[in-house]
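Novice: Next come a sequence and a model predicted from it.
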Amino acid sequence: MTHPFTLSACAEMLWRDKPIEWRCACLKEMGFHVGLWNWSDHDLVALKRSGATFSIMNGYVTGRLADDEGAGELLRSARETAQIGKMLGVARLNLHGTGLGPGGLPARPSEIVTGRMWLKARDTLCRIADMAEEEGVVFTLENLNLPVDHPGVPFARAMDTLALVSAIDHPRLRLNLDLYHVQIGEGNLIETCRTCLPWIGEIQVADVPGRCEPGTGEINYPAIARALHDMGYRGPVGLEAFAKDDAEKALEAFRAVFTL
C-alpha cells in the first residue's frame, strides 16, 4: 500500500460542536493537514497553538473579481490575508468568482457573465499573481456548482476557472479543483482532472448527493484515486465534506480511498 497524496480535511465541516483549535489538533493527531474557510472567524493564536499544518484557507474576506470596486477590495483583502497565511504557514490561499455570503450565496450574483467581466477577472487575477510573487504565497481559484449550492456565482464551472488560470499561467496561481462541485455541475470527473492537471494546486472531494465522505454517494472515488495516480498527480487531496455519521469513520474512509 502506498500514500501518494497529501491528505487534508476541512476543520469547519467536522466535529462542528467542538472548538476550532480542538478540531485542528485532532486532525493533526490523525495525520491530516487542515483546511479552513475564513480566518477572520477564528482566534489566530488558537489556530497557531494547535500545531496543525494548514493546507488551504480562503485567501480573502471581501472583494470580487470582475468589477473595479470589487477588484480593488479583493486585492487589499488578499494582501492582508497573505500576511495571515504566512503567519500560520498556510500552503494555498483560495479565491472564488465572487465573494460568498451566508449559505455560500454570492455577495453579488451574476446570471450573465459578460465579456467585459471576463477581461476584468483576468486582469484582477494577474494582479493577484503579481502580488503573490511579491509575498511568496500561492493562491488558488476554486470551481463551484451553480445548481445546488452557489447559484449566481460567476466563473463557477471548472472549465471557467481553468480558462482563467491557464490564460494567466503563473506558478503562484493554481486551480483548487473541487470534484464535488464538478460532479453536480459538469460531470466527466477523470477527464476534467486530466485536462486541468498542469494547473492543479489542490483537489477537494466530497460525495454526491449529500456532500459527505467518499463512499456515501454516487462518485467512484477509488477509480478517481487510481486515475489521478496513473496520470502523475502527487499533490494534496482535501476532504471538504460533512461526516455522514461519525467524523473519525469518515476520515478513515477518505484515507482508505486515497491509499493505493
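Specialist: Yep, that arrived.
Novice: Please enumerate the strands of this structure.
Specialist: 6-10, 33-35, 54-58, 92-95, 139-142, 173-178, 200-205, 236-239 (DSSP state E).
Novice: among the ones you listed, which is nearest residue 251?
Specialist: strand 6-10 (6.1 Å; CB to CB). All C-beta atoms are positioned from the backbone trio N, CA, C, and that covers glycine.
Novice: Contact partners for residue 44?
Specialist: 84, 87-88 (CB atoms under 8 Å, 6 or more residues apart in numbering).
Novice: By neighbours, which of these wins?
Specialist: residue 88 (20 neighbours; other CB atoms under 10 Å).
Novice: The closest residue to residue 158 other than its chain neighbours: how many residues sit nearby?
Specialist: Distances taken as CB to CB, 6 or more residues apart in numbering place residue 143 nearest to residue 158, at 4.2 Å, with adjacent residues excluded. Other residues within reach of residue 143, judged by other CB under 10 Å, total 29.
Novice: what's the answer for residue 231, then?
Specialist: Neighbours of residue 231 using other CB under 10 Å come to 11.
Novice: residue contacts, it?
Specialist: 193-194, 197.
Novice: Please pick the buried ones from those residues.
Specialist: Taking 16 or more other CB atoms under 10 Å as the criterion, what is buried in the contacts of residue 231 is residue 193.
Novice: Adding pLDDT and distance to residue 139 as columns, could you present the contacts of residue 231 in JSON lines?
Specialist: Formatted as JSON lines, those follow (pLDDT from 0 to 100; distance: CB to CB, whole Å):
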{"residue": "193", "pLDDT": "98", "distance to residue 139": "20"}
{"residue": "194", "pLDDT": "98", "distance to residue 139": "23"}
{"residue": "197", "pLDDT": "98", "distance to residue 139": "19"}
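Novice: Just send the contacts of residue 231 back as JSON lines, with distance to residue 8 too.
Specialist: Converted to JSON lines, these look like this (distance: CB to CB, whole Å):
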{"residue": "193", "distance to residue 8": "18"}
{"residue": "194", "distance to residue 8": "22"}
{"residue": "197", "distance to residue 8": "19"}
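Novice: Which of the contacts of residue 231 sits closest to residue 152?
Specialist: Of the contacts of residue 231, the one sitting nearest to residue 152 (CB to CB) turns out to be residue 193, at 26.2 Å.
Novice: Show the contacting residues for the residue nearest to that closest one when sequence neighbours are not counted.
Specialist: Once flanking residues are discounted, residue 193 sits nearest to residue 228: 6.1 Å by CB to CB, 6+ apart. Residue 228 makes contact with 5, 193, 203, 237 under the criterion CB under 8 Å, 6+ apart.
Novice: now do residue 21
Specialist: 43, 46-47, 49-50.
Novice: Could you tell me which of those residues count as buried?
Specialist: 47, 50.
Novice: For the contacts of residue 21, give me a markdown table that also has distance to residue 208.
Specialist: Output for these, formatted as a markdown table (distance: CB to CB, whole Å):
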| residue | distance to residue 208 |
| --- | --- |
| 43 | 33 |
| 46 | 33 |
| 47 | 30 |
| 49 | 36 |
| 50 | 31 |
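Novice: Now for the nearest residue to residue 110 once chain neighbours are set aside, how many residues are close by?
Specialist: Leaving aside its chain neighbours, residue 110 sits nearest to residue 154 (4.2 Å; criterion: CB to CB, 6+ apart). Counted by other CB under 10 Å, the residues lying close to residue 154 total 25.
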